[in-house]
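S.K.: Here's my sequence, what's the structure:
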Amino acid sequence: MKNIHFIAIGGSAMHSLAIALHQKGSIVTGSDDAIFEPSRSKLEAVGLLPEVMGWHPEKITTQLDAVVLGMHAKKDNPELLAAQKLGLTIYSYPELLYALTKDKTRVVIAGSHGKTTTTAIILHVMNYCDKEVDFMIGAPLEGYDNAVHLSDTNDFVVLEGDEYLSSPLDDRSKFLWYQPQIALITGIAWDHINVFPTYEAYETPFKEFIETISPGGVLVYNAEDMRVTALAAASTNRIKKQPYSTPEYTIENGNTRLLTDEGPLPLKIFGRHNLSNLAGAQWICQLMGVDLSLFVEAIASFKGASRRLEVLYDGSSSKLYKDFAHAPSKVKATAQAVKKQYPQLQLTACLELHTYSSLDPKFIAHYRNTLEAADLALVFYDPEALRIKNREVLPPEAIIEAFNHPNLKVFTQPQALHQFLFEQQYHQTFLLMMSSGNYGKLNWETLQAKVASASSDGSHTVTQ
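M.R.: As a prediction, this is how the structure comes out:
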């Protein structure tokens, strides 16, 4: 494939694949109606940013070997219609990834939560061990300039497997394309209710995913997740099934230590969910040829995946962390992890309801008790986001009832939330910000300075 055009090139996954193919020597073009950061800067840096925003069917010619259709595009997209009229080969993102990696050993990391962190751990260990692999991960990764890397020489490709739809023309889950030889499932917790209206509908792709593992392959799965365990037990696919569970660890003075045969190993990550991800990654790395002793050596320097419990300020008496958490299971796991790690600090947890699922009146009940570990709980949602998603208005009373927290404050205006955050005193406080959004364009530098001013030491700030 020499000439490739991307429809909706600015997507978080699409732009990374476009850059990877450009780096491999393909002639890449693309279009989009709007491109935001960081996609915009990254595309501009390699000369792939469209000169003019919008859809331009004249870009679609018989000279193209392939057209890649992103989820952001619609079925009546002018460029898509032009490609269909010319009879060009049209790929979804995962379909093209499979076509490019079908001769490699495919390792796919799936699950409702933890897949990005687990994938990041695997890539960190491989890099530490000087083992080159191809990969696709759903977030920026320290030490790598792009979230997708493809080569003609590497034997393994590690793919973060997403259960969301493949494209506007293909309603199959993305991970059903990959047909892995090695797979991992971290857990299943209902999400994406706009396309999976019931839990059963959401679970079905995971069941199908297990059946796509190549016969003779391996399924590594979280034995502490009852639904994953049940699906693994029910599968008749001729594969090896390898369960894992959270390893033993201790917490002392805010420091987590993994208990190993060589003694306690200090880690830079914390939280039971992250230790569970580590256990799963350990099995995958062993299947990829990394000795356990080398894995343990490598994991000591892993700092976490981007936007997952990301440190913005870390002082002895005040801390500010940002987390991508938005699904109920992840919100609860993150809040509990922070409180267990720093029980001496007051936990103020601020959650933005931003996704289609989290703004659904029928789904909001799944957040019950998810913030129970917080001393003070803040929930923010912007009525404008509800309008854009054509959702009915959620009254604050419904949020209060759903979360069932005795000290919960609800904000529906960005300015009110910002003012409250900037006026708080953060001495002996851990401020945990959880969202896949931006809290109505919150000024992070101002918030960092406010939290830092409450610390009794001179600890440094870690910016995004």
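
S.K.: Tell me where the model's unsure across the stretch 351-464 of the chain.
M.R.: Counting by pLDDT under 70, the stretch 351-464 of the chain has low-confidence residues at 356, 385-386, 388-390, 456-464.

S.K.: What of the chain?
M.R.: Scanning the chain for pLDDT under 70 picks out 356, 385-386, 388-390, 456-464.

S.K.: biggest helix in it by residues?
M.R.: Of all the segments assigned as helix in the chain under DSSP state H, the longest by residue count is helix 272-287.

S.K.: so after it, what's the next helix or strand?
M.R.: Using DSSP states H and E, the helix or strand that follows helix 272-287 in sequence is helix 292-299.

S.K.: By neighbour count, which bits of the longest helix of the chain are buried? Give me those.
M.R.: For helix 272-287, the buried set under the neighbour-count rule, 16 or more other Cβ atoms under 10 Å, comprises 273-285, 287. C-beta coordinates here come from the backbone N, C-alpha and C atoms, glycine included.

S.K.: could you dump those residues to a markdown table with distance to residue 150?
M.R.: A markdown table is the format used below for the buried residues of helix 272-287 (distance: Cβ to Cβ, whole Å):
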| residue | distance to residue 150 |
| --- | --- |
| 273 | 30 |
| 274 | 28 |
| 275 | 31 |
| 276 | 29 |
| 277 | 25 |
| 278 | 27 |
| 279 | 29 |
| 280 | 24 |
| 281 | 22 |
| 282 | 26 |
| 283 | 25 |
| 284 | 20 |
| 285 | 21 |
| 287 | 21 |
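
S.K.: And the strands in the stretch 351-464 of the chain?
M.R.: Here the stretch 351-464 of the chain has its strands, by DSSP state E, counting those that start in this stretch, at 376-380, 408-411, 429-434.

S.K.: Let me have the ones you listed in a markdown table, adding mean neighbour count and distance to residue 137 as columns.
M.R.: Conversion of these to a markdown table gives the following (neighbours: other Cβ atoms under 10 Å; distance: least, Cβ to Cβ, whole Å):
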| stretch | mean neighbour count | distance to residue 137 |
| --- | --- | --- |
| strand 376-380 | 24 | 28 |
| strand 408-411 | 20 | 33 |
| strand 429-434 | 25 | 21 |
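
S.K.: For residue 251, find the nearest of those strands.
M.R.: Between residue 251 and the strands of the stretch 351-464 of the chain, the shortest separation by Cβ to Cβ is 14.1 Å, and it involves strand 429-434.

S.K.: Identify all contacting residues around the closest one.
M.R.: For strand 429-434, contacts defined as Cβ atoms under 8 Å, 6 or more residues apart in numbering pick out 318-326, 331, 334-335, 338, 342, 345-352, 374, 421, 439, 447, 451, 454.

S.K.: hmm, which of those residues are the buried ones?
M.R.: Restricting the contacts of strand 429-434 to buried positions leaves 318-326, 331, 334-335, 338, 342, 345-352, 374, 421, 439, 447, 451, 454, with burial counted as 16+ other Cβ under 10 Å.

S.K.: re earlier: would you pull up how far the longest helix of the chain lies from the middle of the chain?
M.R.: Computed by Cα atoms, centre = their mean, to the nearest Å, the separation of helix 272-287 from the middle of its chain amounts to 16 Å.

S.K.: same deal with stretch 343-362?
M.R.: Distance of stretch 343-362 from its chain centroid, counting by Cα atoms, centre = their mean, is 17 Å.
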